[in-house]
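Peer 1: Mind looking at a prediction? Sequence and model below.
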Amino acid sequence: MNPEEFRTAAHELVDWIADYRLRAEGGGFPVRSRLAPGDVAALLPDRLPEDTTTISGLVADLERIVVPGLTHTQHPSNFAWFPANASLASVLGDFASSGLGAIGLSWQSAPALTEVEQVVLDWLRQLSGLSDAWRGTIHDTASTACLVALLVARERASGLSKEGGGLQSSVAPLVVYASAEAHSSVAKAALLAGFGRKNLRLVALDPTSYAMDVSALESAIRQDLSRGRVPAAVVATVGTTASTAIDPIRDIAGVARQHGSYLHVDAAMAGSALLLPEYRHLFDGVEAADSLTWNPHKWMGTVLDTSLFYVRDPAMLEQVMSTNPSYLASSADGTAVQYRDWGIPLGRRFRALKLLFQLRLDGIEVIRERLRRDLSNANWLAAAVSSEPGWRVVAPVPLQTVCVRHEPTGLSGEELDRHTLAWTEEVNTGGQAHLTTAILGGRYMTRVSIGAEPTERRHVEALWRLMRAVADRTASGTRSSGRSGSSGGRAPRRARSRRAR
């Protein structure tokens with residue numbers, strides 16, 4: 001394909017994307033895909049066809065094969081997991097990044113890639129109210145950022161053991177602490193970083209807020225110290241998976257500082273609230289942390305994959321992650337930032353263009369206005385649920401997620417779990433909205449995560465009407481199922497629900 005052929009094809013594809021967004025914003029699809037496993041693969045040939053096709057043919061395949069196989073995260077009635085917005089301004093930035101085809105092996109390979117990223121992340125630092133002690137880079141997801149943070153914590157606690165015998169040479173086990181409601185990526189990062197499952201402590205929660213209990217953290221650390229273990233790292237969460245609970249960073253930082261522990265703050269979804277001055281109190285104490293991550297590709301609306309990773313000690317990060325092969329040496333070494341030394345991959349995409357386009361085309365005030373709209377809608381829904389007999393908001397609502405449970409008279413325990421799962425699934429299969437469930441306080445509840453870019457109050461009001469109608473209709477069926485002892489009489493085994501990263 002030459003540039004002129006690309007021009008023609010791109011116009012057709014962009015027109016189709018714009019039409020798709022209009023249909024999605026108008027609610028033109030079932031929110032959750034109705035296909036079964038294997039349905040999409042069955043529509044594709046077993047072997048690559050020898051003949052080529054046209055862009056029109058591929059667009060037709062998008063419509064026929066791909067669109068029915070998607071859960072439409074840009075739909076105004078998508079309330080599942082977390083906001084996964086992809087603002088069209090940032091899509092243009094992603095398009096520009098792919099079109100330029102730059103590769104960020106080093107500053108020399110693409111000076112603009114490095115320096116635009118530095119500047120845009122400093123803009124966002126300022127917009128977030130963070131001090132100038134922080135320096136940032138872009139990772140693909142918060143899962144990667146957490147792994148990098150724990151690798152740095154490991155090396156700091158072990159005196160750069162990577163330069164010698166690694167963790168195998170460490171005399172004392174190194175321990176990582178996180179809330180029992182922390183994202184599953186924290187446990188995964190601790191395992192991949194070599195700490196081992198026996199050296200991961202999931203700290204007890206405050207029973208009301210579902211945030212980390214700081215006294216329990218202090219107790220766990222002192223117990224490990226008495227057994228000769230080293231408290232290497234603490235991960236605090238601002239906006240936990242199930243309920244967006246807020247761990248008390250300032251108090252946690254005091255404990256971490258007392259014991260020389262590295263403190264990483266995971267604010268993957270909630271970090272966008274830093275853009276609102278009136279919500280920065282949720283991050284009180286963050287200036288005492290060693291690293292912070294948040295994902296504009298969630299609530300802020302930058303297209304995947306755009307996760308910000310800020311650190312207060314870039315020199316330590318570089319010391320842990322640097323390799324400096326001779327084939328990448330250049331005259332800029334020692335004077336320019338080399339982002340290959342700030343993370344795991346060597347080659348990097350020009351991700352900063354997505355942020356640049358969104359910030360310059362949409363503007364920060366448009367983003368802030370949308371965040372405030374979502375917060376207002378969450379407060380409205382929480383008030384509506386609280387005032388309805390038989391319904392309960394089961395967790396505080398510090399941000400845009402409302403955790404609810406329909407509790408009909410006579411239903412409790414596993415029978416209530418069955419009812420929660422049943423009515424939520426009926427909402428989802430109906431196609432008018434998409435919700436997810438999670439376990440909180442030992443029982444299932446339904447999460448309403450408000451924040452899709454086109455979601456307005458009327459969509460939240462329509463969801464609330466739908467929830468009440470479906471829950472009332474399924475309550476009697478759940479009672480009957482429980483009395484009959486049918487195969488549906490047991491709720492699925494309760495395992496911690498986790499969001500994608």
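Peer 2: Looks like it came in fine. Numbers count the residues shown, from 1 in each chain.

Peer 1: Show me the strands in the stretch 201-350 of the chain, by range?
Peer 2: Counting by DSSP state E, counting those that start in this stretch, the stretch 201-350 of the chain has strands at residues 230-237, 262-266, 291-294, 307-311.

Peer 1: ok, the nearest residue in space to residue 261 that is not next to it in sequence to residue 300 distance?
Peer 2: Leaving out its chain neighbours, the residue that sits closest to residue 261 by C-beta to C-beta, 6 or more residues apart in numbering is residue 231, at 4.7 Å. All C-beta spots, glycine's among them, are computed from the backbone N, C-alpha and C. Applying C-beta to C-beta, to the nearest Å, the value for residue 231 to residue 300 is 33 Å.

Peer 1: got it, and residue 188?
Peer 2: From residue 188 to residue 300 the distance is 24 Å (C-beta to C-beta).

Peer 1: Who has more neighbours out of the two?
Peer 2: Counted by other C-beta atoms under 10 Å, residue 188 and residue 300 do not tie: residue 300 has more neighbours, with 30 against 16.

Peer 1: Can you give me every residue that contacts the more buried one?
Peer 2: 85, 272, 275, 367, 371 (C-beta atoms under 8 Å, 6 or more residues apart in numbering).

Peer 1: ok, now with 7 Å
Peer 2: With contacts defined as C-beta atoms under 7 Å, 6 or more residues apart in numbering, residue 300 is in contact with 272, 367.

Peer 1: can you pull the contacts of residue 436?
Peer 2: 80-81, 447.

Peer 1: Tell me the one of those nearest residue 432?
Peer 2: Nearest to residue 432, judged by C-beta to C-beta, of the contacts of residue 436 is residue 80 at 13.0 Å.

Peer 1: my read: that closest one touches residue 437, true?
Peer 2: No: using C-beta atoms under 7 Å, residue 80 is not in contact with residue 437, being 9.7 Å away.

Peer 1: can you count the residues close to residue 142?
Peer 2: Neighbours of residue 142 using other C-beta under 10 Å come to 27.

Peer 1: Quick one: neighbours of the residue lying closest to residue 431 once chain neighbours are set aside, just the number.
Peer 2: The spatial neighbour of residue 431 that comes closest, neighbours along the chain excluded (C-beta to C-beta, 6+ apart), is residue 30 at 2.9 Å. By the criterion of other C-beta under 10 Å, residue 30 has 19 neighbours.

Peer 1: Checking residue 30 next. Helix, strand or coil?
Peer 2: Following DSSP: H, G, I helix; E, B strand; the rest coil, residue 30 is assigned to coil.

Peer 1: and the gap between it and residue 462?
Peer 2: 15 Å.

Peer 1: who's the closest residue to residue 134 other than its chain neighbours bridged to?
Peer 2: In space, residue 134 comes closest to residue 310 once its chain neighbours are excluded; the distance is 4.4 Å by C-beta to C-beta, 6+ apart. On the basis of DSSP bridges, residue 310 is bridged to residue 136, residue 292.

Peer 1: List the contacts of residue 310.
Peer 2: Counting by C-beta under 7 Å, 6+ apart, residue 310 touches 125, 130, 134-136, 291-292.

Peer 1: So the residue nearest to residue 261 sits against residue 176, correct?
Peer 2: No: using C-beta under 7 Å, residue 231 makes no contact with residue 176, being 8.5 Å away.

Peer 1: Run through this structure and note the low-pLDDT ranges.
Peer 2: Along the chain, segments meeting pLDDT under 70 span 477-501.

Peer 1: could you point out the longest helix in it?
Peer 2: Taking DSSP state H as the criterion, the chain has its longest helix at helix 457-484.

Peer 1: Can you spell out which helices and strands pack onto it?
Peer 2: Applying 3 or more C-beta pairs under 7 Å, 6 or more residues apart in numbering; DSSP states H and E, one finds that helix 457-484 contacts helix 364-386, helix 413-430.

Peer 1: give me that answer again for 8 Å
Peer 2: Contacts defined by 3 or more C-beta pairs under 8 Å, 6 or more residues apart in numbering; DSSP states H and E place helix 457-484 against helix 364-386, strand 401-406, helix 413-430.

Peer 1: Need the winner for burial among those.
Peer 2: Highest mean neighbour count among the helices and strands packed on helix 457-484 (mean count of other C-beta atoms under 10 Å): strand 401-406, with a mean of 26.

Peer 1: quick one, it and helix 413-430 angle?
Peer 2: Angle of strand 401-406 versus helix 413-430, following axes from the mean of the first three to the mean of the last three C-alpha atoms, to 10 degrees, is 120 degrees.

Peer 1: what lines up beside strand 401-406 in the sheet?
Peer 2: Paired strands of strand 401-406, with direction, are strand 391-393 (antiparallel), strand 443-449 (antiparallel) (DSSP bridges).

Peer 1: Show me the one of the ones you listed that comes nearest residue 153.
Peer 2: Using C-beta to C-beta, the nearest of the strands paired with strand 401-406 to residue 153 is strand 443-449, at 29.9 Å.

Peer 1: As PDB, could you dump the C-alpha coordinates of the closest one?
Peer 2: What follows is strand 443-449, C-alpha atoms only, in PDB (Å, rounded to 0.1, in the frame of the first residue of the first chain):
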ATOM      1  CA  ARG A 443     -21.300 -11.500  50.000                       C
ATOM      2  CA  TYR A 444     -21.900 -10.600  46.400                       C
ATOM      3  CA  MET A 445     -23.000  -7.100  45.400                       C
ATOM      4  CA  THR A 446     -23.500  -5.300  42.100                       C
ATOM      5  CA  ARG A 447     -21.100  -2.600  41.000                       C
ATOM      6  CA  VAL A 448     -22.400   0.400  39.000                       C
ATOM      7  CA  SER A 449     -19.300   2.100  37.600                       C
END
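
Peer 1: now that strand, how far from the centre of its chain.
Peer 2: Centroid separation for strand 443-449 versus its chain: 17 Å, with C-alpha atoms, centre = their mean, to the nearest Å.

Peer 1: what inclination does it have with respect to helix 364-386?
Peer 2: Going by the same axes, to 10 degrees, strand 443-449 makes 140 degrees with helix 364-386.
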